[in-house]
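Participant: Next input, structure requested:
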Amino acid sequence: MAVTAPIQAQSIATLNAQQAQVEKQKAELQTQINKLNTQISQQESNRKDVLDDLRQAESAISDMSRKLDRLLDREQEAKEDLAAVREEEKTQQQILNEQIEELSDQLFNLYVSGVSPWSALLSGKDVQKIGRDLSYLGYISKARAKAVTALKSEIDRLNKVKKKAQDKQRHLTQLTKDAQKAKNDLEKEQKNYQTKLKKIEGDIKTRRQQAGQLKADDARLSQIIAGIESNIRAQREALRQAEIKRQQQAEERRKVVAAERARKAATAAAEAKLAQEQAARAKALREQARKAQLAAIAQQREAMARARAAQNEIKKAQNEFSLGGLTVAEQEQAKAKLQAALNEQKQVEQSLKRTEQNLAAARQQAENAEIERAKARIAQEKAREAQRLLSEAKEDERRAQQAVSSGGNGGLSRGSPWPLRGSLAGRFGQTRPDTGDVWRGILINASEGAPVKAVASGQVVFSNWVRGFGNLIIVDHGNDYLSVYGYNQSLSRSVGDSVKAGQVIARAGSTGGQVEPALYFEIRRGNQAVDPLQWLAR
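Facilitator: Residues are numbered from 1 along each chain as shown. This next block holds a predicted model:
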């Protein structure tokens, strides 16, 4: 660990610096895209289009849908946090039950021993026995006080965990309310949109039949992509280099964290095994001590009964011997009874002494059992702490692995997953009946709100409403390849966001003048459209 800690600290610092640089470059990228949008808007400010009436509503629906998606993500995270706290509460309750059991055992030992401060002082003249009893009482008193203190601490700890769970529950409830409100707002806006759409539906159909308008839409998309290519080529390379450095730092950290996790896993396993063995040993010793105490007390009671019986026999024999008028034979018989009673008394005294020794040994066993129980508790605490550290190490490793894989630009490759599964309403290179031009991408029929997924890992370089394409999102996959997704109901990602293959980036719809819900999908190399079907899985 003396070597691991500095390396880990250095890796984190470097990773944070690289992350800050990436965030800065994302902001610069967004600025460039905003400039591009402004340029296009200025060029078209004097061109009145029926689709402009839909722009505000379609953009608002996209924003609300994105907000709802993020709230739902936060709600899911809150549910997972609450589940973890509930598990922590369960563990604390188990610890509390163990403390109660320990205190119960101590009180039981005190009860079965029959020892109290007054009985110890008034039990007789045996100074050593009085000393042993008082020492035992002192030990029990300290152990009991310690157990009560530990019990109080566990109760306080459990109350804190319960409060934490209540706070998490309140947070989850609030998120659920916020999500429901966002959903209601979205549904309201969608109804308003449908009302507005019906009013201008005829105008939209007329527009779809005007080849000039549709060609202008294609030209507009090409202008956007050309602007992206010319304005952010250097930005893209800087981001790529920053990502390479980040990946290297993340991989170094992942290796360090993986080694630390393996070490903590071994420690946790060893501590758990030791705690289990210690607990079993303590339980066995407690049971032995309990049985020994009960047996010693039973022997003590039996010896006391024999002692009382022997005393009665001695008194009876003495009375018989002291009576006058006995014959010689009767006197001898009385003398023999007296001697037998005295011998029995002597044996009983020896038995009492042995019983006292057994009881002292039983008390010592009880003390040893309590010591072992304390050791077992310490071992269990160590095992729990080791398990907690292991859980943290696993989480660190997961995050480190996520840091390696997140944002990684694996690039577009043949056999990529489809952005959306559905029948094709238009194919690349085929003549478009509405414009007489050819399709530069593919048109995939879809249901309203269906998830649209990135076909490969990359970075979002455009996310906005565009006339003719509605809510449009463009992902840069490196090596001059872009994927384009149009007509979306809503956009789930913003400019600068890193995405992975298969990650939801939008929801399918019919914005931008599209009559039926569908996804318009293109792949471009530079500003040149290529056949998407050559890149998508068969």
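
Participant: Could you name the helices and strands sitting against the strand or helix carrying Ser65?
Facilitator: Assigned by DSSP states H and E, Ser65 belongs to helix 52-113. Applying 3 or more C-beta pairs under 8 Å, 6 or more residues apart in numbering; DSSP states H and E, one finds that helix 52-113 contacts helix 127-199, helix 211-322, helix 328-405, strand 458-466, strand 470-478, strand 481-491. For every residue, glycine as well, the C-beta is placed using N, CA and C.

Participant: Starting from the last one, tell me which strands it pairs with and how they run.
Facilitator: Strand partners for strand 481-491, identified by DSSP bridges, are recorded as strand 470-478 (antiparallel), strand 504-508 (antiparallel), strand 518-525 (antiparallel).

Participant: Hey, what's the angle from it to helix 211-322? Just curious.
Facilitator: 70 degrees (axes from the mean of the first three to the mean of the last three C-alpha atoms, to 10 degrees).

Participant: Begin at 2, not 1, for the rest of this chat.
Facilitator: Taking 2 as the first residue, the last one we looked at is strand 482-492.

Participant: from memory Ala308 sits against Val349, does it?
Facilitator: Yes. Look at Ala308 against Val349 with C-beta atoms under 8 Å: they come within range, at 4.5 Å.

Participant: The helices and strands packed on helix 53-114: which one's closest to Leu421?
Facilitator: Checking those against Leu421 by C-beta to C-beta gives strand 482-492 as the closest, at 8.7 Å.

Participant: following the closest one, which helix or strand shows up next?
Facilitator: Downstream of strand 482-492, the next assigned helix or strand under DSSP H and E is strand 499-500.

Participant: Same list, the helices and strands packed on helix 53-114, but as a markdown table with mean pLDDT please.
Facilitator: Shown next, in a markdown table, are those (pLDDT from 0 to 100):
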| stretch | mean pLDDT |
| --- | --- |
| helix 128-200 | 68 |
| helix 212-323 | 73 |
| helix 329-406 | 72 |
| strand 459-467 | 88 |
| strand 471-479 | 91 |
| strand 482-492 | 93 |
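
Participant: want to try JSON lines for the ones you listed, with mean neighbour count and distance to Val531 as columns?
Facilitator: Putting the helices and strands packed on helix 53-114 into JSON lines (neighbours: other C-beta atoms under 10 Å; distance: least, C-beta to C-beta, whole Å) gives the following:
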{"stretch": "helix 128-200", "mean neighbour count": "14", "distance to Val531": "33"}
{"stretch": "helix 212-323", "mean neighbour count": "17", "distance to Val531": "13"}
{"stretch": "helix 329-406", "mean neighbour count": "17", "distance to Val531": "27"}
{"stretch": "strand 459-467", "mean neighbour count": "24", "distance to Val531": "16"}
{"stretch": "strand 471-479", "mean neighbour count": "25", "distance to Val531": "12"}
{"stretch": "strand 482-492", "mean neighbour count": "26", "distance to Val531": "9"}
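
Participant: can I see the domain layout of this protein?
Facilitator: Domain assignment of the chain by automatic domain parsing yields the ranges 5-251, 425-535.

Participant: Endpoints of the last one, how far apart?
Facilitator: From its first residue to its last, domain 425-535 covers 15 Å (C-alpha to C-alpha, to the nearest Å).

Participant: Okay, buried residues for stretch 81-96 please.
Facilitator: Leu83, Val86, Glu89, Glu90, Gln93, Ile96 (16 or more other C-beta atoms under 10 Å).

Participant: Where does pLDDT dip in the stretch 402-539 of the chain?
Facilitator: Within the stretch 402-539 of the chain, the stretches with pLDDT under 70 are 402-411, 435-436.

Participant: same thing but 80
Facilitator: Residue ranges of the stretch 402-539 of the chain with pLDDT under 80: 402-412, 433-438, 513-516, 539.

Participant: any chance of the helices and strands packed on helix 53-114 in TSV, with distance to Arg67 too?
Facilitator: Below are these laid out as TSV (distance: least, C-beta to C-beta, whole Å):
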stretch	distance to Arg67
helix 128-200	10
helix 212-323	20
helix 329-406	22
strand 459-467	9
strand 471-479	10
strand 482-492	6
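
Participant: among those, which is nearest Leu534?
Facilitator: strand 482-492 (13.2 Å).

Participant: With Asp186 as the reference, name the closest of the strands paired with strand 482-492.
Facilitator: Nearest to Asp186 among the strands paired with strand 482-492 is strand 505-509; the distance by C-beta to C-beta comes to 15.9 Å.

Participant: buried residues in that closest one?
Facilitator: Ile506, Ala507, Arg508, Ala509.

Participant: Greatest separation within these: which pair is it?
Facilitator: So, the buried residues of strand 505-509 by C-beta to C-beta: farthest apart are Ile506 and Ala509, at 11.2 Å.

Participant: what is in contact with these two at once?
Facilitator: Val453 (C-beta atoms under 8 Å, 6 or more residues apart in numbering).

Participant: start to end distance for stretch 413-429?
Facilitator: End-to-end distance for stretch 413-429, by C-alpha to C-alpha: 18 Å.

Participant: Quick check: buried residues in it?
Facilitator: Buried residues in stretch 413-429 (16+ other C-beta under 10 Å): Leu413, Ser417, Trp419, Pro420, Leu421, Gly423, Gly427, Phe429.

Participant: how near is Arg158 to Val485?
Facilitator: Distance of Arg158 to Val485, given as C-beta to C-beta, to the nearest Å: 56 Å.

Participant: what do you get for Glu517?
Facilitator: Glu517 is 19 Å from Val485, by C-beta to C-beta.

Participant: The helix or strand hosting Ile445 pairs with which strands, parallel or anti?
Facilitator: Using DSSP H and E, Ile445 maps to strand 443-446. In the sheet, strand 443-446 lines up against strand 425-427 (antiparallel), strand 519-526 (antiparallel) (DSSP bridges).

Participant: what's in contact with it?
Facilitator: Outside strand 443-446, the residues within contact range by C-beta under 8 Å, 6+ apart are 419-429, 517-523, 533-534.

Participant: what's the answer for stretch 475-482, then?
Facilitator: By C-beta under 8 Å, 6+ apart, the surrounding residues in contact with stretch 475-482 are 225-226, 229-230, 237, 241, 410, 412-413, 455-464, 483-486, 500, 506, 524-527.

Participant: let's see 6 Å
Facilitator: Residues outside stretch 475-482 that contact it (C-beta atoms under 6 Å, 6 or more residues apart in numbering): 410, 412-413, 455, 457, 459-463, 483-485, 526-527.
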